[in-house]
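> kindly generate the corresponding structure for this input.
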Amino acid sequence: MLSILVIDDDENLRDTIAVLLEREGFKAILAPDGRSGLDLAITVRPSLILADLRLPDVSGFEVCRRLRASANQTPIIVLSAAGEEIDKVLLLESGADDYVVKPFGARELLARIRAVLRRMGPEAERIIGFSDVQVNLERRLVTRKGQEVKFTPAEYNLLTFFLHNPDRPLSRDLILSSVWGYESFPNTRTVDAHVVRLRQKLELDPNCPRHFITLHKVGYRFLP
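From the prediction side, this is the model:
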């Protein structure tokens, strides 16, 4: 049975969606706020997430951003209120797979859910490539010239953070908070050391990188 995590602080709407999902054969998992929703997304690993945009603690934007930064590829549909100001491009770039405007009908919501699940099904493995490198996000597998390249969890998470943020200036502090998190908070030399290892494993010439570029006094930029 496919499970769907519903993150919404509106209890009535949350329960209504749960009844709808279970009537259609899904297992509904409910969370009243973004923080508990993030915990469930990581521990339960649902098939899909429905997240309200304006949650009281961690917003729908932040839910998307944190999950994608941690290489979690669970599909996400964001729910937003009618008339709510929303930057749709920014929302999709943050990691959302789709969005639905409230109030919505049961048929529309179910159609969106099924469309996203079809796109993210087993037959649609998500692969990102650059140069002679292929990264299979579903299998957490990195190959270069067809040969598997081994990564530590931190190296892999840093790589996928770069893949999801191409051609953007990324400060060391942003990389630290997104990849390692504020709880562990190593110093910025940790980022530099891990970038060196990415270059050694994936660059044609690690001493003259073409993909993992240093930005003086800023941080790094990834160029596919």
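> quick one: the helices in this protein?
Ranges of helices in the chain, per DSSP state H, are 11-23, 34-43, 60-69, 88-93, 106-119, 153-163, 172-175, 188-202.
> nearest to F212, out of these?
In terms of CB to CB, the element of the helices of the chain nearest to F212 is helix 188-202, at 5.4 Å. In this view, the C-beta of every residue, glycine as well, is placed from N, C-alpha and C.
> how is this structure divided into domains?
3-119, 127-222 (automatic domain parsing).
> what's the most buried one of those?
domain 3-119 (a mean of 17; mean count of other CB atoms under 10 Å).
> for it, measure first residue to last.
16 Å (CA to CA, to the nearest Å).
> tell me the mean pLDDT for that domain?
The pLDDT scores in domain 3-119 average 87.
> over to stretch 137-146?
For stretch 137-146, the per-residue pLDDT averages 85.
> swap in stretch 151-171?
In the prediction, stretch 151-171 has an average pLDDT of 90.
> what does that stretch contact?
Here stretch 151-171 makes contact (CB atoms under 8 Å, 6 or more residues apart in numbering) with 68-71, 95, 128, 135, 137, 140, 142, 175, 178-180, 191, 194-195, 197-198, 201-202, 212, 215, 218-224.
> where's the spatially most central residue of the chain relative to L38, distance?
Closest residue to the average C-alpha location of the chain: R68 at 1.7 Å, with CA atoms, centre = their mean. Using CB to CB, to the nearest Å, we find R68 at a distance of 12 Å from L38.
> D52 now?
D52 sits 13 Å away from L38, going by CB to CB.
> cool, L20 as well?
23 Å.
> again, but for E11
19 Å.
> now do R189
28 Å.
> and K27, by the same measure?
19 Å.
> ok, K201 touching T143?
No: the pair K201 and T143 fails to qualify as a contact (CB atoms under 8 Å) at a distance of 11.3 Å.
> where do the contact lists of these two overlap?
Joint contacts of K201 and T143 (CB under 8 Å, 6+ apart) are V149.
> please name the bridge partners of Y220.
Under DSSP bridges, the beta-bridge partners of Y220 are L170, T214.
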